[in-house]
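Participant: what follows is a protein structure lacking sequence information:
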Ligand SMILES: O=P(O)(O)OC[C@H]1O[C@H](OP(=O)(O)OP(=O)(O)O)[C@H](O)[C@@H]1O
Ligand SMILES: Nc1ncnc2[nH]cnc12
């Protein structure tokens, strides 16, 4: 990761205090989405540690994980599969519950999304407490896939999300 990209990201991400609830400092990624040159460099940086890892599928976590996961899957020329909030996917699903910084939730995936032999990269915008990423990894493994790595744009290091992802290869472009 270049220091210059880290600086560009730090200057572009918007901190929003007390959203969505008091005491949370929310990292708003919408200014990054609004900058195509920065987005291109971000996607390249999120993929860089995974080159040569034999990734066969990208799983993006609803909703902000989709914004980075789809362009990464296109770059790798592999299928993208969504991990979605409950009740959104139309076909047969498996589900996992998890806790995150400001609430509890459930994620679902289609049961045929990542079968045996799939080498899956999990993508999200933010790693905070790690609950979301850990639940996604559990879901993928229950469906028969193996998790090659977890790639995020922003890691909130003070929330110790990596502690919920022991033995996982976790990659963040920028850590606060
Ligand atoms: O590491 P954790 O503590 O689990 O938190 C990280 C998750 O929280 C946010 O998603 P959120 O569920 O708020 O959904 P959104 O992307 O639809 O806004 C973020 O996009 C990650 O998915
Ligand atoms: N502080 C935060 N900012 C943005 N997304 C988040 N997801 C969980 N915690 C977050």
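Facilitator: Cool, got the structure. Here the structure is a predicted model, which is why all the values come from computation and not from measurement. Ligands and ions are numbered 1, 2, ... in the order given.
Participant: just want the most central residue of this protein.
Facilitator: residue 124 (1.5 Å; Cα atoms, centre = their mean).
Participant: ok, that residue touching residue 61?
Facilitator: Yes - because the distance of 4.5 Å satisfies Cβ atoms under 8 Å, residue 124 is recorded as touching residue 61. Any C-beta I mention is one placed from the backbone N, CA and C, and that applies to glycine too.
Participant: anything in contact with each of those two?
Facilitator: 69, 132-133, 136 (Cβ atoms under 8 Å, 6 or more residues apart in numbering).
Participant: inside strands: which ones of the residues you listed?
Facilitator: Among the shared contacts of residue 124 and residue 61, DSSP state E puts none in strands.
Participant: contacts with ligand 1 among these, please.
Facilitator: 132-133 (Cβ under 6 Å from any ligand atom).
Participant: got a winner among the shared contacts of residue 124 and residue 61 for most neighbours?
Facilitator: Neighbour counts for these (other Cβ atoms under 10 Å) peak at residue 133, which has 30 neighbours.
Participant: for ligand 1, state which of the shared contacts of residue 124 and residue 61 is nearest.
Facilitator: Within the shared contacts of residue 124 and residue 61, proximity to ligand 1 (Cβ to the nearest ligand atom) peaks at residue 132, which comes in at 3.2 Å.
Participant: for that closest one, give its distance to ligand 2.
Facilitator: For residue 132, the distance to ligand 2 (Cβ to the nearest ligand atom, to the nearest Å) stands at 8 Å.
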